[in-house]
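A.B. asks: take a look and give me a structure for this.
(6 chains)
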Amino acid sequence: MSSECREPLDLIRLSIDERVLVKCKGDRELRGKLHAFDQHLNMVLGDVEETVTIQDVDEETQEEIIRASKRNIEMLFVRGDIIILVSPPLRTT
Amino acid sequence: MAGRLLPLELVDRCIGSRIWVIMKGDKEVVGTLRGFDEYVNMVLDDVTEYTVTAAGREKNQLDQILLNGNNVCIMVPGGDPEASSSSSSSSS
Amino acid sequence: MFPLSLLTTAKGNPMLIELKNGDTYNGRLVNADSWMNISLQGVICTSKDGDRFWNIAECYIRGNSIKYLRIPDEIIDMVQEEEMPVKDKNKKSFSHRGRGGRVNTTGRGRGRGGRGGRRGEGRGNDGRGGPRGGAR
Amino acid sequence: MTSKPTVLDLEKYIDQEVSVKFQGGREVRGILKGFDPLVNVVLDECVETLRDPNDAYRLTDKTRRLGLVVCRGLQVSLVCPNEGLQEIENPFGQQPQI
Amino acid sequence: MSEQATETKKTTTTTTTGKAKYQPSDFLKAVLGRPVIVKLNSGVSYRGILACLDGYMNIAMEQTEEYDDGQLKAKYGDCFIRGNNVHYISTIKRR
Amino acid sequence: MASALSEWVDKQISVITCDGRNIVGQLRGFDQVTNVILDECHERVFSMEAGVEQVVHGLYIIRGDNIAVIGELDAELDAKTDLDTVRAEPLKPVVH
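C.D. replies: Sure, this is the predicted structure:
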């Protein structure tokens, strides 16, 4: 089973200097290298790829189109209270 | 009622019986109250979860849950939404 | 000057309070505490879209559900009076306050015409904001 | 626990009908049976005024009966007595006075 | 839910009718290492093995599957869920 | 840490609230949670169809958890901008 995980934040501590996936409010996902974090989950990420999923309704056909807009950001400070989920991407299938 | 009724005492008396919990958003939960803490996080058994939308009440059964008390608005001891009728009457 | 001391000085005076749900409450301030919880008397409640109105004898308003309060201009002069050291009380600085009749007050500015849109979870109050509960 | 008095002593409204509004837009009314300093409130014969599904802050005239309930102080935005509560025409002429 | 919730309960309050109480802290201890469903306020739910939990309901899970409106949306080997978004943590009935 | 706001007391500041409004006024006081006292303040209502409407409000206490942005108003620059010709989309409320 997993290494003894005394506190959920240990899982984040194990991911320092690793690439992580951060799922945020507002249908936004960040993939980058975790440089630092604190107990509010404020984070500093490096070499980040941001993916924002946008839903718009096509006027004529009225069907829902989902598109993702991506951009790269070299260094990013992320405020903890918008974070929903953090996962080390290496092990995500 | 003997003297003034303390709200959390009423919740305490409800332990072991059904309780209907209505949240801030569009979610409701009915279950058997096992216990709760000072933040009114609650342990519930044999739970039915409702998501109320314009389309109607979507139901989902669950085993035992720890409900986060942060967004709890209303608690109805013994109450069950199936029993109550939603009637339309002119507001007073 | 602290906002909560200004509020306390305003006790007994009429004021307008807009809540986070968009309703506004016009009434006389009876009591206020350090969390900005408020009790008003002789209250007129205006709905979010400004189309419905209610008379309420008295009401308790929770501090954290308030957006802002509008209080009569004179209150701030009363507070400055208290704060001013006695010696220069007489040469009260008279900045042109233009306190006279108000010009084109069209009331609630953008309040009219509902903001609409589903508030969803509303103020998702994330327990992290305030001082930390447990030891970290 | 020491009960620090709240800014409005609800004692005088015991056994009277009050309305309670919550953060997020829910609204109920019922007979006040009990309360505590955190403004947790017990209401009997409680009725919730249902909201417009598309706008959480718009009330409809539909209601549902809840019976004896406990309202959670953490989520309470407003409490007022229903005695003397009535809907009126626009009292402000053109805009709210203070 | 704050840090105190996970310390051993200082005052054990029994109900007036003396019914057995199963406090949230008891639930948290019993559910470690078991499969759970975590539902967030947004309606998205996560199914996986609960690794650990803290007083703010921050959650660490393994072999997690993300479901939205009943559809599988993603899988995560390990994942951390921030406590303030949690609606409930549910055990899964032994089939 | 002396709060940045202390430098702006009695100065003209511009506040953007979480519901997207823009209130301009004199900062008379503030506290640790950024509750703010604004004196002689007015609201600037932006629209695409007409110039900026300035609604005089008077004395305000704005609650800190409803404030998104506070800035010091550059009086000269502000005087130079002709608000009647400004057209802009009103700001949307903050989404939590």
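
A.B. asks: please tell me how far the closest residue to A:Phe37 other than its chain neighbours sits from A:Thr53.
C.D. replies: Distance criterion CB to CB, 6 or more residues apart in numbering or on different chains; nearest residue to A:Phe37, sequence neighbours excluded, is A:Met43 at 4.5 Å. Glycine gets a C-beta too; all of them are placed from N, C-alpha and C. In this structure, A:Met43 and A:Thr53 are 20 Å apart, going by CB to CB, to the nearest Å.

A.B. asks: same check, this time on A:Val78
C.D. replies: Spatial separation of A:Val78 from A:Thr53 under the definition CB to CB is 17 Å.

A.B. asks: quick one: which of these two has more around it?
C.D. replies: Between A:Val78 and A:Thr53, counted using other CB atoms under 10 Å in any protein chain shown, A:Val78 has the larger neighbour count: 19 against 12.

A.B. asks: okay, that one: pLDDT?
C.D. replies: A:Val78 is assigned a pLDDT of 97 by the prediction.

A.B. asks: so who does it touch?
C.D. replies: Each residue near A:Val78 by CB atoms under 8 Å, 6 or more residues apart in numbering or on different chains is listed here: A:22, A:24, A:30, A:42-45.

A.B. asks: so what touches stretch E:47-54?
C.D. replies: A:2, A:5-11, E:3, E:6, E:28, E:31-38, E:59-65, E:67, E:76, E:78-79, E:83, E:89, E:92.

A.B. asks: please repeat the previous calculation with a cut-off of 7 Å.
C.D. replies: Counting by CB atoms under 7 Å, 6 or more residues apart in numbering or on different chains, stretch E:47-54 makes contact with A:2, A:5-8, E:6, E:28, E:31-37, E:59-65, E:67, all of which sit outside it.

A.B. asks: again, but for stretch E:66-73
C.D. replies: Residues from elsewhere that reach stretch E:66-73, judged by CB under 7 Å, 6+ apart: E:44-47, E:65, E:74.

A.B. asks: could you export it as CSV, CA atoms only?
C.D. replies: What follows is stretch E:66-73, C-alpha atoms only, in CSV (Å, rounded to 0.1, in the frame of the first residue of the first chain):
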residue,chain,number,x,y,z
GLU,E,66,-13.6,11.2,-10.9
TYR,E,67,-17.3,11.1,-11.8
ASP,E,68,-19.5,14.0,-12.9
ASP,E,69,-23.2,13.4,-13.3
GLY,E,70,-22.5,9.6,-13.2
GLN,E,71,-19.9,9.6,-16.0
LEU,E,72,-16.2,8.7,-15.4
LYS,E,73,-14.2,11.8,-16.3
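
A.B. asks: and that stretch, which residues are buried?
C.D. replies: Of all the residues in stretch E:66-73, those buried under the rule 16 or more other CB atoms under 10 Å in any protein chain shown are E:66-67.

A.B. asks: next one: that stretch to chain centre, how far?
C.D. replies: Taking the mean C-alpha point of stretch E:66-73 and that of its whole chain, the gap between them comes to 18 Å (CA atoms, centre = their mean, to the nearest Å).

A.B. asks: hmm, back to that, so which of the contacts of stretch E:66-73 belong to strands?
C.D. replies: For the contacts of stretch E:66-73, membership in strands holds for E:45-47, E:65, E:74, with DSSP state E as the criterion.

A.B. asks: JSON lines for those residues, including neighbour count and pLDDT?
C.D. replies: As requested, the ones in strands among the contacts of stretch E:66-73 are arranged in JSON lines below (neighbours: other CB atoms under 10 Å in any protein chain shown; pLDDT from 0 to 100):
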{"residue": "E:Ser45", "neighbour count": "19", "pLDDT": "96"}
{"residue": "E:Tyr46", "neighbour count": "22", "pLDDT": "97"}
{"residue": "E:Arg47", "neighbour count": "18", "pLDDT": "97"}
{"residue": "E:Glu65", "neighbour count": "16", "pLDDT": "96"}
{"residue": "E:Ala74", "neighbour count": "19", "pLDDT": "92"}
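
A.B. asks: any low-confidence regions in chain E?
C.D. replies: Within chain E, the stretches falling below the threshold (pLDDT under 70) are E:1-19, E:94-95.

A.B. asks: which positions in it make contact with chain A?
C.D. replies: With the criterion set to CB under 7 Å from any CB of the partner chain, chain E comes near chain A through E:40, E:51-54, E:58-60, E:62, E:75-82, E:85.

A.B. asks: the most centrally placed residue in chain D and A:Asp56: what is the separation?
C.D. replies: Among the residues of chain D, the smallest C-alpha distance to the mean C-alpha position (CA atoms, centre = their mean) belongs to D:Val20, namely 1.3 Å. In this structure, D:Val20 lies at 39 Å from A:Asp56, with CB to CB as the measure.

A.B. asks: ditto for B:Glu82
C.D. replies: The spacing between B:Glu82 and A:Asp56, counted by CB to CB, is 39 Å.

A.B. asks: follow-up on the earlier one: what's opposite the residue nearest to A:Phe37 in the beta bridge?
C.D. replies: Going by DSSP bridges, A:Met43 is paired in beta bridges with A:Phe37, A:Val78.

A.B. asks: so the closest residue to D:Arg26 other than its chain neighbours, which state does it fall into?
C.D. replies: Of all residues beyond its chain neighbours, the one nearest D:Arg26 is B:Cys73 (5.5 Å), with distances taken as CB to CB, 6+ apart. In the three-state summary, B:Cys73 is assigned as strand, counting by DSSP: H, G, I helix; E, B strand; the rest coil.

A.B. asks: which residues of chain F fall in strands?
C.D. replies: In chain F, the strands defined using DSSP E lie at F:12-17, F:22-30, F:36-45, F:53-62, F:67-72.

A.B. asks: nope, chain D is what I was after
C.D. replies: Chain-ordered strands for chain D, with DSSP E as the definition, fall at D:17-22, D:27-35, D:41-52, D:55-71, D:76-81, D:86-88.

A.B. asks: and for the residue lying closest to D:Cys46 once chain neighbours are set aside, the neighbour number?
C.D. replies: Of all residues not flanking D:Cys46 in the chain, D:Gly30 sits nearest, at 3.4 Å (CB to CB, 6+ apart). A count of neighbours around D:Gly30, defined by other CB under 10 Å, yields 24.
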